[in-house]
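In: Provided below for reference: sequence and predicted model.
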Amino acid sequence: MEILKDWISDICVSILFMTAVELVLPENSIKKYSKFVLGLIFIVVVINPIIGFIKQDSNLYKDITLNEDYVNKFDSYLENNLDEYSERIKKTTINSFEENLSRNCENLLKNNFKKNNFNVDVSVSYEDENFKIEELIVKVEELGIKNVETVEKVVIGSVNNYDGVSKESSKVKEIKKFLSNELNISENIIKVY
């Protein structure tokens, strides 16, 4: 708006100047040439903002071209680093999923087995846009007074019929079955300690 105001002021001043010069000049052949020169000055005053706008457009074109170059460089940078970013996002997503699943399992177990505290560690993989639970480790801590279990006598140097498989207590089996049903996973990947 300020540009338009300045332009109109310039036109008015030039008209006043032209009128004053015409009044001062005597009636002879110089007056004809002076009117021609004043007309050229008036045309320049009228066209000057248009010329400025055209020059500004050329700067605008340069700015657009420069910004296009920046955008193209950024796109190529993203394309080159896309694998790194997608891998980082994948790891972050897996970690968040593991933490949330671990917390949810602990809450489920605490609500269903009230006499115990639980600590759950989860190992998850991400395949074909799906999460797959690889391993679920549950550490159980019994609250309150615990019964002392008797330990079998250990004889050094004797050969026993030990098959290396520990017997699971009923509580361990119950925890495995509960988590297997809740999470819809195999009991084989659930380890309870």
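Out: Structure received. Numbering: from 1, shown residues only.
In: What ranges in the chain fall below the confidence cut-off?
Out: 55-60, 144-149, 151, 158-168 (pLDDT under 70).
In: cutoff 80 now
Out: 1, 51-64, 78, 143-155, 157-168 (pLDDT under 80).
In: For it, which segments count as strands?
Out: Using DSSP state E, the strands found in the chain span residues 116-127, 130-142, 190-192.
In: Now those strands in a markdown table, please, with extra columns for mean neighbour count and distance to residue 154.
Out: No exception for glycine: its C-beta is placed from N, CA and C like everyone else's. Listed next are the strands of the chain as a markdown table, based on neighbours: other C-beta atoms under 10 Å; distance: least, C-beta to C-beta, whole Å:
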| stretch | mean neighbour count | distance to residue 154 |
| --- | --- | --- |
| strand 116-127 | 15 | 29 |
| strand 130-142 | 15 | 25 |
| strand 190-192 | 18 | 25 |
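In: wait, which of the ones you listed is closest to residue 19?
Out: strand 116-127 (83.7 Å; C-beta to C-beta).
In: Please put the alpha-carbon coordinates of the closest one into CSV.
Out: C-alpha atoms of strand 116-127 as CSV (Å, rounded to 0.1, in the frame of the first residue of the first chain):
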residue,chain,number,x,y,z
ASN,A,116,3.7,-62.6,44.5
ASN,A,117,5.8,-59.8,42.9
PHE,A,118,6.8,-60.2,39.3
ASN,A,119,9.5,-58.9,37.1
VAL,A,120,9.0,-59.6,33.4
ASP,A,121,11.6,-59.3,30.6
VAL,A,122,10.5,-59.6,27.0
SER,A,123,12.4,-60.2,23.8
VAL,A,124,10.5,-59.2,20.6
SER,A,125,11.3,-59.2,16.9
TYR,A,126,9.6,-57.3,14.1
GLU,A,127,8.9,-59.3,11.0
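In: residue nearest the centroid of this structure?
Out: In the chain, the centroid-proximal residue (C-alpha atoms, centre = their mean) is residue 89; its distance is 9.2 Å.
In: Let me have the strands of the chain in TSV, extended by distance to residue 11.
Out: Formatted as TSV, the strands of the chain follow (distance: least, C-beta to C-beta, whole Å):
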stretch	distance to residue 11
strand 116-127	71
strand 130-142	73
strand 190-192	89
